[in-house]
Every structure is written in structure tokens, then in C-alpha cells.
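Trainee: sequence plus the predicted model coming up.
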4 protein chains.
Amino acid sequence: MLPLKDEYNIFAGKNIQRIEALSDGVFSIAMTILVLGLTIPFLEAVHTEGDLGLQLLSMAPKLLVYFMSFITLGLFWTGQTVQYTHITKSDRHLNWITIFYLMFIVLIPFSTVLLGEYITFKLAIGVYCFNMLLLALILYMHWQYAFKSNLVSRDIPDYERVDKAMRNRLIRVQIVYVVGALLCFISTYLSIGFILLFQLNYALPPNFRANLNKIK
Amino acid sequence: MLPLKDEYNIFAGKNIQRIEALSDGVFSIAMTILVLGLTIPFLEAVHTEGDLGLQLLSMAPKLLVYFMSFITLGLFWTGQTVQYTHITKSDRHLNWITIFYLMFIVLIPFSTVLLGEYITFKLAIGVYCFNMLLLALILYMHWQYAFKSNLVSRDIPDYERVDKAMRNRLIRVQIVYVVGALLCFISTYLSIGFILLFQLNYALPPNFRANLNKIK
Amino acid sequence: MLPLKDEYNIFAGKNIQRIEALSDGVFSIAMTILVLGLTIPFLEAVHTEGDLGLQLLSMAPKLLVYFMSFITLGLFWTGQTVQYTHITKSDRHLNWITIFYLMFIVLIPFSTVLLGEYITFKLAIGVYCFNMLLLALILYMHWQYAFKSNLVSRDIPDYERVDKAMRNRLIRVQIVYVVGALLCFISTYLSIGFILLFQLNYALPPNFRANLNKIK
Amino acid sequence: MLPLKDEYNIFAGKNIQRIEALSDGVFSIAMTILVLGLTIPFLEAVHTEGDLGLQLLSMAPKLLVYFMSFITLGLFWTGQTVQYTHITKSDRHLNWITIFYLMFIVLIPFSTVLLGEYITFKLAIGVYCFNMLLLALILYMHWQYAFKSNLVSRDIPDYERVDKAMRNRLIRVQIVYVVGALLCFISTYLSIGFILLFQLNYALPPNFRANLNKIK
């Protein structure tokens, strides 16, 4: 290993703005590509409004998985965004942790189509949960590395508590996907229901639902 | 619910720049994915220029729906962009309203292909209009929530009137899609014509058409 | 038309950064989606290295059209970017001209696949050139409107000459596509050759080729 | 060539922010489109968990190539990003070198699907390595041109060494792909193994692996 190589490594991966731009790009495309799993029923089988209605109804499991995966992507996007509001510097290692993170984000549409197609198969739930578990693990590593390498801004008022809240959150997510995977041994629908419930509870927390009353 | 969880919620979803970047990403991909619904006639059936011409002509309904959906995406993108020129802060709730908004933006290519394939079916128009109605509703909620939670800049000269104009506009859009959906009971082409006319009237308003004369 | 509607129009479409972000998104996806037209030869027909070589060779016309369309997208992206380095304000009309511009940018992958599939058909060249001609026209309108509506920065040293150079350039592009379309009456390959030559002459101008010597 | 044309060339391609935005867009889509090569096994052949497991196992070569290509895209994205942290000005030539760079970035999903489908074919490895070699060459040219045309910031402390490190790195990458291509004459799996090893050695360098211990 030449010293020049090390030098290259010193100035690589420092641009946070572009890491964020690449991430936003990957997330938005992964979100949009999910819809490609929703294939339209073919014309030959459909002659009446009733036929079309039945065909659309038969897409219900795919739609369910679509919504679940979209919210999942939303959760992981929010998770990464929150970290970067506190991370003010980057280095090549953080850069590469992000690239590996995105590598498994991009696999979500694959896991989703697999689950939509094989919704009653334990293996499909297993692949799905493993994908998400890995993402939560990498995101945890991402924060840990940034925190320990002093890439996190020290200007946050309650520095240690932010770190704790961040890690607690991600550990809870990991537990949810492990439990979700295990529940498939009872029923795969139970797994999906459990994960969806957890996600909606997070996406629509009590104080949000209370705030909704204000909106009307 | 642990206090740490609430703490996480306090600092989540605050980054407006990334919400905008994610939205621009999703909109641009949804716009581009529309074109994937325009499948090219296969080679076997086409031997002469005339054959190709006929095949392209047979794509007319798909092209019509493509243009309508593109303008629709343009309208919803403009609508969200206008809100964010006044919204100067964000919180986790606004963040999640946006994610749900994007979830139904991503369904537009699906609704579009469905309508392009089944242009004479009431159900296809119904799904299409319902998709758009929901988007207008979420965008309305988005503004209402931001306005009532003091996330909108108070520096706007005519504060109350902006709020009123914003809400009026979105209520009008909702009415258009309800009327559009109901018109399908006469003819689905009438529904499409009505929606397109409304959209073009908005996209090319009278003063714009007047300005066009200046261009020449 | 209510006065509130006019008011909405006054504050709509002012955010140049997001117009640029949406455009960059659409261009990058259109560029990437081009590659989806390059379908891989199926396994059944390929048993030896020679088979695969022949299959790849048979893709030559598609590759040619792919390169041409990519450079075209590069030209139109550069064209729009140059305009926005001088345009410092926006309004709803400029916003909508851009959306219509993007609508035909997104059709480029469609026109490209059509031409790649039917490279010897005059109609395919016609559709292709018409698509590009329309884009050059909208880009011309875009500049004209911005210039006449005082959305262009007056700080440019040679204000009038920039305007003239901008318009001259776009008129020349329009002529190229009209001539390109007409040449198909002799041969569609002549059309493609003519357009490619013009594009490469622009993308690799004499002083660039001179500069290349410096690189070595 | 009219003087007006030269004038147009003087002010074209100067906006670095948009070149970066376009690049981030193209990279993120190319990364996400890779997953489209991972087609799901069809329902008819799958009746038991075992069937699905076998089908997923049969996707192993495609997954391998997917990971390799994703890391490759990560490497080329990091490479370009590093250059732009030092490049502070742009001109039309740099603009076009980037567009040609992106043209071959977009071909990576094509080369990847080709290799995934024909993993034992020398020609597939050849096309793959040629694609990457070309990218390394264009990136080298990109830096050389920027450096010699004074588009690189002179504020870097160790100006000459950065230039040297940058060029050394890219020459090493070129050698890797030439060697990788040649190894296919022994075995295509050897080629892939060699390239993957080099990439992982770069993406996870010794000091990173040391740092990983800190994380736990």
C-alpha cells in the first residue's frame, strides 16, 4: 500500500451534501420503483366492470406490501436524515457505510416484489425481515462510527441523550424485525400485521393523532 | 412509550431541504416512469410505413392519458413547491404527511396505465379520480397543519390572504376530481375532457395566453 | 375567475432551485431509462462466444441510437442550464414552460426506442425529429419569455449579445432537426448520420479537440 | 463557425452545482436500476418453501454481479465526488467530459445484466471490463483537463501531491480492469473474484477494519 493511496483516502468522501443528494436520489427511486411491482391485469381477461373490479381486488396483497414497503423506506429515510442533521463532517469510511446502506435500500423493491408474489411463504418473510434488519444494523453502525469519530456536531444541547435516543430507536427497530420474522412460524399475515402496526404507530404517533383534531 | 422515543420525535423530520430533495426526486421519477406505459408496437405486425402509422394512431388514448397525468404531476408539484416557499420550519408530522403525499404521487403512474388500458371503464376513472382527490386532500392537510403549527413564515405581507388562497385553490381541485369522477356515468371521455380542460385552463391561464403574444 | 385565484398565481412557481432540481431529476432519469431499450439477447439462442458476439453485433443500431439520444439529452440539459445561469427570477409561467419542456424530454426514451426498433422507417425518424424540434422551440420560448419579462439578470456585461447568441443557437438546432427529418427521404441512416455529426461537432468543438492535445 | 457560437460556448457549462446534481441523479438511478436485473422466479414453478429456496439460490450469480456493480458505481461516484471537492470552476469542456462519463455510467446496468446472464462467457467479462476501463480513462481525463485548465482550486495545501494521488489512483484502477479482463482466459470467476477483492480492499481498507473494532 503506497502512501499516496492513504493520501487519497484522506480527502475522499468528505462531501456531505453529495452523500445526501445521492441518498435522496436512491430513496426516491426505490420508492417509485415499488409501483412497478403493481402490474396491471391484462385486457384479455377483462370484459366488464365486474371483471376489472375482481382483478383489482386480487391485487390487494400486493397493495398491502406496497404500502408497508413505502412506509419502511420512509422510516429509513427519516432515520438517515435525522442522523445527518447532527453529523456535520464526513470521511471516506462514513461515505462507504452510506453506500452499503444504499445497497440494501435498493434491495427493498426486490424483497417487496418477492413478498407480494409469495405472501404465504416463510422464506419470503425471512428475506424481507433480514433485509430490514441489516438496514437497521448498518444505520446503527453509521451513527456509532460518526459519534465515536467526532463527526457529530458538539453543539447539540443534550449531546449524550441524543446519542442514546438515536441508538435506542434503532435497537427497537431491529427487535421488531426479528420478532416479525419469528411470527411467520404462526402466520405470515401475522408478521406483516405486526410490522405494519409498529410502523403506523411510529408514523402516526398519539400526539400526531391528537394534532389531527386541530386540523379539522 | 419511553421518554427517549418522544425525544427522538422532537428532532426527527426537521430538514426541509431534504424533504424537498426527496419530493423532487419522487416527482421527477414518477413523471419519467409515465413514459414506460407507452409501449412500442411489436415488430412482427409492422411491415410498412402505413402499419407503423396505424400502430402509433392506436396509441392515441395512451398518449392522451400520458399528457393528462404529466400535467397533473406538474400541478401537484407546483402546489407542494408553493407551500414550501412559505413553510420555513418542519417537524416529524409534516415530514410524514409529505411521505404519505409521495406515496400517492407514486401511484399516479399505476392509475395512469390502468386508465390508458381501460379508458372506457368507469372503475378506471374512479380509481384515477380517487387517487387525485386523495392527493389534494393530503396537500390541504399539509398546509393546514403547517399553518396551525406556526411552521409558516410570518413575514409574508398578506398572511391571512395567502392562507385563504392556498386553501381555496385545493378545495377547487377536489371539486374538479369529484365532478370528473361523476361525469363518467355519462361518458369516461367526458370525464377526461373535463379534467384536461380544467388543467389546461390552470396551466395556461388567460394572462399567460396574452403574454404569449408578446413572445412572438 | 376569482381574485384569489390570481393571487395564487402571483406566488406560484417562484422557486428556481426546485425547478432546477426537478429538471436535473427528469434529465438524469431520462438518460438512465434509455439503457432499458438495450435489451439483452435471450439465453436460449446463445451457446457459444460466437453466438453472443453475433447477438451483441445485432444490437449495433440500438447502441447507435442510444448514443445519439444521450448526447441529445446532454445538449438540451446544457441548453437549459445555460439559460438558468442568467435567469435569476421565475414566475408561474416560466414554471409551466419548464414543465412542458420536461414533458417532451421524457418522451425522448420513447422516440429513441421507436427509432431503434424501426431504424429504416421514415415515420420513426419523423417522430424523433419532431420531438427534438418541439424541445428546441419550447427552449427558445423559455428564453424569450424570461428575457422579455425581466427574469434575466441585467448584470451580464454583454446583455444584448447573450440574448442574441442564445436565440441563434436554438434556431440553428431547429434547422438541424428539420433538415435531419427531410434527409430521411433519401435514407434514414443519412438523417441519423447528419444529426450525430452536428451533435459531435458541438459536443467536441475544434478548440476542445485542440485542448485534448494538452491533456496527453 | 460564427463568433456568436463561440460566445455561446464561453458561457455554457459553468454551473458546477447542476453538473453535480445531474451526476448524483444518474448514479442513484443506475444503482437502483441494477435491482431490475434481479427478476423474481415465476409462481408456476414454485409450490413449496424448498422450491422457492432453490430458485433464490439459482439467483446467486446475479446477486454476486449485483453487489460487484453496486460497489463499482460507489467507487466511480466517490471518485468523481472527490474531484469536484477540488474543482471549483467549470467550463463547457468539463461539462461535456462529465456527460460522456455519465453515458458510460448508465451502461453499467446493461453490462451487469449481460454478465449476470452470461457469467461463464469471456465476451461478457470483456464488455464489463471495457466499460469500467473507459470510465476510469474518462475520469482521468476529467481531472487532467481540470488541473491543466486551472479549474482546480489552488488553495489546497499540498497541491501537487493531490494531483499525483488522484492520477495514481485512477491508473491503478485501469490496471485492475485490464488484469481482470485478461484473467478470464483462465476463468471468468477468477476475473470476478479478482475485481471484487480489489474493490473490497478499497471500500474496506485496513484502517477501516481497525476502526470497526472501535464501533463494537
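Mentor: Received the coordinates, thanks. Numbers count the residues shown, from 1 in each chain, chains lettered A, B, ... in the order given.

Trainee: make it CA atoms for all contacts and neighbour counts henceforth
Mentor: Noted.

Trainee: is chain D contacted by whichever strand or helix holds A:Gly180?
Mentor: Using DSSP states H and E, A:Gly180 sits within helix A:159-183. No - if you take C-alpha under 8 Å from any C-alpha of the partner chain as the test, helix A:159-183 misses chain D, and the best it gets is 12.5 Å.

Trainee: so which bits of that helix are buried?
Mentor: A:162-163, A:165-170, A:173-174, A:176-178, A:180-183 (16 or more other C-alpha atoms under 10 Å in any protein chain shown).

Trainee: and what of stretch A:190-204?
Mentor: Buried-residue list, stretch A:190-204, by 16+ other C-alpha under 10 Å: A:Leu190, A:Ser191, A:Ile192, A:Gly193, A:Phe194, A:Ile195, A:Leu196, A:Gln199, A:Tyr202, A:Ala203, A:Leu204.

Trainee: between those, which is closest to chain C?
Mentor: Taking C-alpha to the nearest C-alpha as the measure, chain C lies nearest A:Ala203 of these, at 26.3 Å.

Trainee: what's the closest of the buried residues of stretch A:190-204 to chain D?
Mentor: A:Ser191 (16.8 Å).

Trainee: contacting residues around the closest one?
Mentor: Residues in contact with A:Ser191 (C-alpha atoms under 8 Å, 6 or more residues apart in numbering or on different chains) are A:Ile125, A:Gly180, A:Ala181, A:Leu182, A:Leu183, A:Cys184.

Trainee: quick one: those as TSV, columns for distance to D:Met68 and pLDDT too.
Mentor: Below are the contacts of A:Ser191 laid out as TSV (distance: C-alpha to C-alpha, whole Å; pLDDT from 0 to 100):
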residue	distance to D:Met68	pLDDT
A:Ile125	25	91
A:Gly180	30	89
A:Ala181	28	89
A:Leu182	31	91
A:Leu183	33	91
A:Cys184	32	87
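
Trainee: dump the residues you listed into TSV; add distance to chain B as well.
Mentor: TSV is the format used below for the contacts of A:Ser191 (distance: C-alpha to the nearest C-alpha, whole Å):
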residue	distance to chain B
A:Ile125	22
A:Gly180	19
A:Ala181	23
A:Leu182	23
A:Leu183	23
A:Cys184	26
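
Trainee: list just the nearest of these to chain C.
Mentor: The closest of the contacts of A:Ser191, once distances to chain C are taken by C-alpha to the nearest C-alpha, is A:Ile125, at 29.8 Å.

Trainee: which parts of chain A sit against chain C?
Mentor: Close to chain C, as judged by C-alpha under 8 Å from any C-alpha, chain A has no residues.

Trainee: how about chain A: which residue is closest to chain C?
Mentor: Relative to chain C, the nearest point of chain A is A:Gly25 (8.3 Å; C-alpha to the nearest C-alpha).

Trainee: in what helix or strand does that residue lie?
Mentor: Going by DSSP H and E, A:Gly25 is part of helix A:16-33.

Trainee: mind showing which ranges of chain A have poor pLDDT?
Mentor: Low-confidence segments of chain A (pLDDT under 70): A:1-12, A:40-44, A:205-216.

Trainee: can you tell if the host helix or strand of A:Tyr84 touches chain D?
Mentor: Secondary structure assignment for A:Tyr84, by DSSP H and E: helix A:60-86. No - Helix A:60-86 lies apart from chain D when judged by C-alpha under 8 Å from any C-alpha; the minimum separation is 13.6 Å.

Trainee: next SSE after that helix?
Mentor: helix A:92-105.

Trainee: contacts for the next helix or strand after that following helix, please.
Mentor: The C-terminal neighbour of helix A:92-105 among helices and strands, as given by DSSP H and E, is helix A:108-117. Contact partners of helix A:108-117, identified using C-alpha under 8 Å, 6+ apart, comprise A:30-31, A:33-34, A:37, A:61-62, A:65-66, A:69, A:121, A:124-125, A:127-128, A:131, D:35-36, D:38, D:40, D:43.

Trainee: buried residues of stretch A:26-39, list them for me.
Mentor: Quick answer for stretch A:26-39 (16+ other C-alpha under 10 Å): A:26-38.

Trainee: got CSV for these, with distance to chain D too?
Mentor: Formatted as CSV, those follow (distance: C-alpha to the nearest C-alpha, whole Å):
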residue, distance to chain D
A:Val26, 5
A:Phe27, 9
A:Ser28, 9
A:Ile29, 7
A:Ala30, 7
A:Met31, 10
A:Thr32, 10
A:Ile33, 8
A:Leu34, 11
A:Val35, 13
A:Leu36, 10
A:Gly37, 11
A:Leu38, 14
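
Trainee: isn't A:Tyr189 up against A:Thr120?
Mentor: Yes - A:Tyr189 lies in contact with A:Thr120 (C-alpha atoms under 8 Å); the separation is 7.4 Å.

Trainee: now flag whichever of the buried residues of stretch A:190-204 is closest to chain B.
Mentor: A:Ala203 (6.4 Å).

Trainee: please name the nearest non-neighbouring residue to that closest one.
Mentor: In space, and not counting its chain neighbours, A:Ala203 is closest to B:Trp96: 6.4 Å by C-alpha to C-alpha, 6 or more residues apart in numbering or on different chains.

Trainee: contact partners for the one you found?
Mentor: Going by C-alpha under 8 Å, 6+ apart, B:Trp96 touches A:Gly74, A:Ala203, B:Gly13.

Trainee: so which of the buried residues of stretch A:26-39 are also by chain B?
Mentor: For chain B, the contacts drawn from the buried residues of stretch A:26-39 by C-alpha under 8 Å from any C-alpha are A:Phe27, A:Ser28, A:Ile29, A:Met31, A:Thr32, A:Val35, A:Leu36, A:Leu38.

Trainee: check whether stretch A:66-76 contacts chain B.
Mentor: Yes - judged by C-alpha under 8 Å from any C-alpha, stretch A:66-76 comes into contact with chain B at A:Phe67, A:Phe70, A:Ile71, A:Gly74.

Trainee: and what of stretch A:151-159?
Mentor: No - Stretch A:151-159 does not reach chain B (C-alpha under 8 Å from any C-alpha); its nearest approach is 10.4 Å.

Trainee: and the end-to-end length of that stretch?
Mentor: Terminal residues of stretch A:151-159 lie 13 Å apart, using C-alpha to C-alpha, to the nearest Å.

Trainee: contacting residues around that stretch?
Mentor: Outside stretch A:151-159, the residues that touch it by C-alpha under 8 Å, 6+ apart are A:His86, A:Ile87, A:Thr88, A:Lys89, A:Ser90, A:Ala146.

Trainee: who are the neighbours in contact with A:Met132?
Mentor: Contacts of A:Met132 were listed using C-alpha under 8 Å, 6+ apart, and they are A:Gln174, A:Tyr177.
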